[in-house]
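# compute the structure for the input listed below.
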Amino acid sequence: MSEPPRVRASERLSYCRLTRRDADLFHGLCLDEHVKHYLLDGKDMPRSWAVEALELSDRLFREDGVGLWLVRRNETPIGFCGFRRFAELGVEPQLLYAFIRDCSGLGYATETVGAMLTEAQRLGWSRVVGAVDAPNTASIRVLEKCGFVACGRVPGGFGETLLFERWERVAPVRIPAHADPRLALTIERTWDGQPVGLDETVAVEIGLGDTELTLRIDAPFHDDPPPESDDLWKHEVAELMLVGTDDAYLEVELSPHGRYLALFLEGERAVVHRGVRLFYRADIEGGRWRGEALIPIGWIPTGLDRLNAFAIHGTGQMRRYLAWKPTGGRRPDFHRLAAFGTFR
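Numbers count the residues shown, from 1 in each chain. Model prediction:
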């Protein structure tokens, strides 16, 4: 990745790439009350955090050509902007900006977002994403003014974190136009196609909304030991996989004990990101468990055309692997994408 130009200017502001040499300056900006409140959950971050943030920025510049820039007005530092990866929010670098209190409310945020969009365009990006805590209505207005639209919500430090996206071209279709807003899948066969009884049958319902997909599970509870790690596939679990263009897919695993896991993959079993946040709740009652998860539309693979749902339960030799569309093969393998069903 070639070195980006040192300075970019907008109407009233200039932008200079932050490096580790700027750790004290960057840390000082992060201690501003306004910056802390809206970007850092009100916390006083140590200098070591600032150093690490700039190291991550350097890595992102090398990998994607973007990172963190210092924002100046008449050569005076007033904030910072750019992009950073937040593991809990998804795969793509997130747009961010922050200004000291004396420079808020002056239209600098809108100007800065415009400069960052110009940079994304220069790099050939088709999509830019950002996230805002729900109470931060001013930042929501800025993003909407700059052409961003809502694409989901996840748990955040101040309640909900709202996810936004902006496409530099016509937004591609994520979910087929012919798809019913409510899809019902019944998992009633094993991975190799053998029918199961009602004591194992699992109902999966998918609700398609404007900004999120609602995933509901209604399944028999087999009282397996609860998971002690994120390896939920080793325990009692229900799974949904959504496959889009070029075999990019999202895998969501839900446990009856309230734990969940979301994985972004590109090609069979090739995990590129994990650990994102979801709204999820589960209840066990009367020998059954029911779960409901909210999946941001912005995480759904574009060109979505295939899907499958699975359920696993039992321990040792009694382990059972069930599938909506049996995947076949010589052993259970839920990543045989060619065997998945379609929305048709």
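# give the contact list for Arg259.
226-227, 230, 232 (CB atoms under 8 Å, 6 or more residues apart in numbering). Just so you know, the C-beta spots here come from the backbone N, C-alpha and C atoms, and that holds for glycine as well.
# ChimeraX command for the buried members of those?
Here is the ChimeraX command that picks out the buried ones among the contacts of Arg259, judged by 16 or more other CB atoms under 10 Å:
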select :227,232
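# minimum pLDDT in the contacts of Arg259, which residue is that?
The member of the contacts of Arg259 with the lowest pLDDT is Asp230, at 87.
# would you check that that one makes contact with Leu261?
Yes - with contact defined as CB atoms under 8 Å, Asp230 counts as touching Leu261 (5.5 Å).
# any common contacting residues for the two?
In contact with both Asp230 and Leu261: Arg274, using CB under 8 Å, 6+ apart.
# against which helices or strands is the host helix or strand of Ala311 packed?
Using DSSP states H and E, Ala311 maps to strand 306-313. Counting contacts by 3 or more CB pairs under 8 Å, 6 or more residues apart in numbering; DSSP states H and E, strand 306-313 is packed against strand 182-187, strand 202-208, strand 237-243, strand 320-323, strand 341-342.
# now tabulate those in a markdown table and tack on mean pLDDT.
Below are the helices and strands packed on strand 306-313 laid out as a markdown table (pLDDT from 0 to 100):
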| stretch | mean pLDDT |
| --- | --- |
| strand 182-187 | 94 |
| strand 202-208 | 95 |
| strand 237-243 | 97 |
| strand 320-323 | 98 |
| strand 341-342 | 90 |
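# which residue lies farthest from the center of the protein?
Farthest-out residue of the chain from its mean C-alpha position, per CA atoms, centre = their mean: Asn74, at 37.0 Å.
# quick one: that one from Gly107, how far?
16 Å (CB to CB, to the nearest Å).
# and Phe221, by the same measure?
Counting by CB to CB, the gap from Phe221 to Gly107 is 55 Å.
# of those two, who's got more company?
Taking other CB atoms under 10 Å, Phe221 and Gly107 do not tie; Phe221 has more neighbours (17 against 11).
# leaving out the residues flanking it, which one is nearest to the more buried one?
Among residues not flanking Phe221 along the chain, Trp289 sits closest, at 4.4 Å (CB to CB, 6 or more residues apart in numbering).
# helix, strand, or coil at that neighbour?
strand (DSSP: H, G, I helix; E, B strand; the rest coil).
# would you agree Ala203 is in contact with Ala238?
No - Ala203 lies out of contact with Ala238 (CB under 8 Å); the separation is 9.8 Å.
# the more surrounded of the two?
Legend: neighbour count by other CB under 10 Å for Ala203 and Ala238, higher for Ala238 (28 against 17).
# and the more buried one, how close does it get to Ile206?
The spacing between Ala238 and Ile206, counted by CB to CB, is 12 Å.
# pLDDT below threshold where in the stretch 201-344 of the chain?
Applying pLDDT under 70 to the stretch 201-344 of the chain flags the ranges 344.
# residues contacting Ala120?
The contact partners of Ala120, by CB under 8 Å, 6+ apart, come to 66, 128, 168.
# list the contacts of the residue nearest the centre of the chain.
With distances taken as CA atoms, centre = their mean, the residue of the chain nearest its centroid is Gly90 (2.8 Å). Counting by CB under 8 Å, 6+ apart, Gly90 touches 129, 163, 264, 273, 276, 296, 298-299.
# kindly report the same for Glu168.
Neighbour list for Glu168: 120-121, 125-128 [criterion: CB under 8 Å, 6+ apart].
# so what pLDDT did it get?
pLDDT at Glu168 comes out at 89.
# thought Gln94 was touching Arg84?
Yes - counting by CB under 8 Å, Gln94 touches Arg84, with 6.0 Å between them.
# going by residue numbers, what spans are strands in the stretch 201-344 of the chain?
202-208, 212-220, 237-243, 248-254, 260-266, 271-274, 279-285, 288-296, 306-313, 320-323, 341-342 (DSSP state E, counting those that start in this stretch).
# closest to Ala23 out of those strands?
strand 271-274 (27.4 Å; CB to CB).
# which helices and strands sit right next to that closest one?
On a contact count with 3+ CB pairs under 8 Å, 6+ apart, strand 271-274 meets strand 260-266.
# tell me the angle the strand it packs on makes with strand 212-220.
Taking axes from the mean of the first three to the mean of the last three CA atoms, to 10 degrees, one finds that strand 260-266 is oriented at 120 degrees with respect to strand 212-220.
# from the contacts of Arg259, which is closest to Leu29?
Asp230 (34.6 Å).
# what sits against that closest one?
Contact analysis of Asp230 by CB under 8 Å, 6+ apart lists 259, 261, 274.
# quick check, nearest of these to Leu183?
Checking the contacts of Asp230 against Leu183 with CB to CB, the nearest one is Leu261 at 21.7 Å.
# can you tell me the closest non-neighbouring residue to the closest one?
Going by CB to CB, 6+ apart, Leu261 has Glu253 as its nearest residue, at 4.4 Å.
# return the longest helix anywhere in the chain as PDB; C-alpha atoms alone will do.
Once the chain is assigned using DSSP state H, the helix that runs over the most residues is helix 47-64. Below are the C-alpha coordinates for helix 47-64, written out as PDB (Å, rounded to 0.1, in the frame of the first residue of the first chain):
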ATOM      1  CA  ARG A  47      -1.400   6.900  27.400                       C
ATOM      2  CA  SER A  48      -0.700   3.200  26.600                       C
ATOM      3  CA  TRP A  49      -4.100   2.900  25.000                       C
ATOM      4  CA  ALA A  50      -3.400   5.900  22.800                       C
ATOM      5  CA  VAL A  51      -0.100   4.400  21.700                       C
ATOM      6  CA  GLU A  52      -1.800   1.100  20.900                       C
ATOM      7  CA  ALA A  53      -4.600   3.000  18.900                       C
ATOM      8  CA  LEU A  54      -1.900   4.700  16.800                       C
ATOM      9  CA  GLU A  55      -0.100   1.400  16.200                       C
ATOM     10  CA  LEU A  56      -3.400  -0.100  15.000                       C
ATOM     11  CA  SER A  57      -3.900   3.000  12.800                       C
ATOM     12  CA  ASP A  58      -0.400   2.400  11.200                       C
ATOM     13  CA  ARG A  59      -1.400  -1.200  10.500                       C
ATOM     14  CA  LEU A  60      -4.700  -0.100   8.900                       C
ATOM     15  CA  PHE A  61      -2.800   2.400   6.700                       C
ATOM     16  CA  ARG A  62      -0.600  -0.400   5.500                       C
ATOM     17  CA  GLU A  63      -3.500  -2.800   4.900                       C
ATOM     18  CA  ASP A  64      -6.300  -0.500   3.700                       C
END
